[in-house]
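1. coords please:
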Amino acid sequence: MTLFLCICLAGLPTLAGAADVERTLSTPAPEDGSVVDVTLSIEEIAAGGVIEHLPPDFVFAGSTLPADRVAADKNQICFALLNETSVTYQIVAPDKGGGEITGEWYDFVNRLNGTIQASRIGVDGAGVATTTGAPGPAPALIVALLAGLIFSRGRRQ
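-> The predicted model follows:
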């Protein structure tokens, strides 16, 4: 059953709906080695997930969600959502560089998904004014991981 659900979720088209996620940064121009707070404001997602893609060399350092609902791998962070209205996570800026933080959200209850507006970030302001294209869709493996986290959490309650 879980495998079937994961396959269905991976194939969902992007749909317009009430669900939405917005990202705000404590600063778009951090100093090298400093910690940046990234807050995701979440509307109308009872059960779902968010996948964030960090620029090269930025490092995930923790979040307000319990550790069993977060999976970080290289420059991707997956958050399993259960009625959250916001999630804050921390990233550490590298010595130099920058890019965009991009992301996708998934609403498993209403079968909706979408992208989160890209946020430019650059050490000491490097490249904050320029933009690049968004990444391709998230791999099905990450979506399956999010679904598994949510379902395993639901069965423990």
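2. what are the ranges of the helices in this structure?
-> Assigned by DSSP state H, the helices in the chain fall at 2-10, 140-156.
3. Give me the number of neighbouring residues for residue 61.
-> 13 (other Cβ atoms under 10 Å). For the C-beta atoms, the positions are set from N, CA and C on the backbone; glycine is no exception.
4. before we move on, back to that, where among the helices of the chain is the average confidence lowest?
-> In terms of mean pLDDT, the lowest-scoring of the helices of the chain is helix 2-10 (a mean of 46).
5. In this structure, where is pLDDT below threshold?
-> When residues are selected by pLDDT under 70, those of the chain lie in 1-18, 127-157.
6. residue boundaries of the strands in it?
-> Taking DSSP state E, the strands of the chain run over residues 20-25, 35-43, 47-53, 59-63, 70-73, 76-82, 86-92, 98-107, 112-122.
7. For the first one, enumerate the helices and strands it packs against.
-> Yep, that's strand 20-25 we're talking about. For strand 20-25, the packing partners by 3 or more Cβ pairs under 8 Å, 6 or more residues apart in numbering; DSSP states H and E come out as strand 35-43, strand 98-107, strand 112-122.
8. Out of the ones you listed, the one nearest residue 76 is which?
-> strand 98-107 (9.4 Å; Cβ to Cβ).
9. and the closest one with strand 112-122, angle?
-> With axes from the mean of the first three to the mean of the last three Cα atoms, to 10 degrees as the basis, strand 98-107 and strand 112-122 are set at 160 degrees to each other.
10. If you count contacts, what does strand 98-107 end up packed against?
-> strand 20-25, strand 35-43, strand 47-53, strand 112-122.
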